[in-house]
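Peer 1: let me see the structure of the following:
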Amino acid sequence: MSRGFVKEEDQEEIPMVPPRADLPNGAVNYVTKIGYTNLLAERNVFLVEKESLQHDNENERRIASNLINAKLQLLNERIASAKIVDLKDQPQNEIRFGATITVVIDNAETPQQFQIVGIDEANIAKGKISFLSPIARLLISKHVGDIATLQLGKVERVFKIIEISYM
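Peer 2: Model (predicted):
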């Protein structure tokens, strides 16, 4: 039936779902075991939220359900494509996916620490950076004592690797 013959109140809005963090075409969706567990927990939250939907208005309930379904679809695609990296299998003396790295940036007195993780795990406030980030790409394959320089426009940031661990 043509949309022109449908009552206006019967037409549902297509939910606008914010995309997940960008994973470039061809890139492997690496995750830590913790990251994978977090994805599964996120899915459970959506499923519980969907089951507990309560709206007096059936149309509002259907729209809310469609929004959750759209988010679940994106999340399920991420879960299906996830490749878990066992941190015990990583070379312990070299920076790879999952490494927790302690670095001195430029001539700072206080070292900084961060972990290279999957795109869905990345959270700079928690010291977790995506393996696709410029800093991670710069540091991967480096060892303790190595120095790496990141060019940011006219500014250079120098990273001296102090420690590498896989927690």
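
Peer 1: sheet partners, orientation included, of the top strand by length along the chain?
Peer 2: Using DSSP state E, we find that the single longest strand of the chain is strand 155-165. Here strand 155-165 is paired, per DSSP bridges, with strand 100-105 (antiparallel), strand 147-152 (antiparallel).

Peer 1: contacts only, for the nearest residue to residue 115 once chain neighbours are set aside.
Peer 2: Once flanking residues are discounted, residue 115 sits nearest to residue 100: 4.5 Å by C-beta to C-beta, 6 or more residues apart in numbering. Using the backbone N, CA and C atoms, a C-beta is placed for each residue, glycine as well. The contact partners of residue 100, by C-beta atoms under 8 Å, 6 or more residues apart in numbering, come to 113-115, 164-167.

Peer 1: could you do residue 137 as well?
Peer 2: Residue 137 makes contact with residue 131 under the criterion C-beta under 8 Å, 6+ apart.

Peer 1: secondary structure element for it?
Peer 2: Take DSSP states H and E as the rule and residue 137 turns out to sit in helix 134-139.

Peer 1: pull out the buried positions in that helix.
Peer 2: For helix 134-139, the neighbour count (16 or more other C-beta atoms under 10 Å) marks 135-136, 138-139 as buried.

Peer 1: and of these, the nearest to residue 40?
Peer 2: Residue 40 has its nearest neighbour among those in residue 136, at 24.1 Å by C-beta to C-beta.

Peer 1: now do the closest one against residue 70, distance only.
Peer 2: As judged by C-beta to C-beta, to the nearest Å, residue 136 and residue 70 stand 30 Å apart.

Peer 1: what do you get for residue 148?
Peer 2: Separation of residue 148 from residue 70 (C-beta to C-beta): 40 Å.
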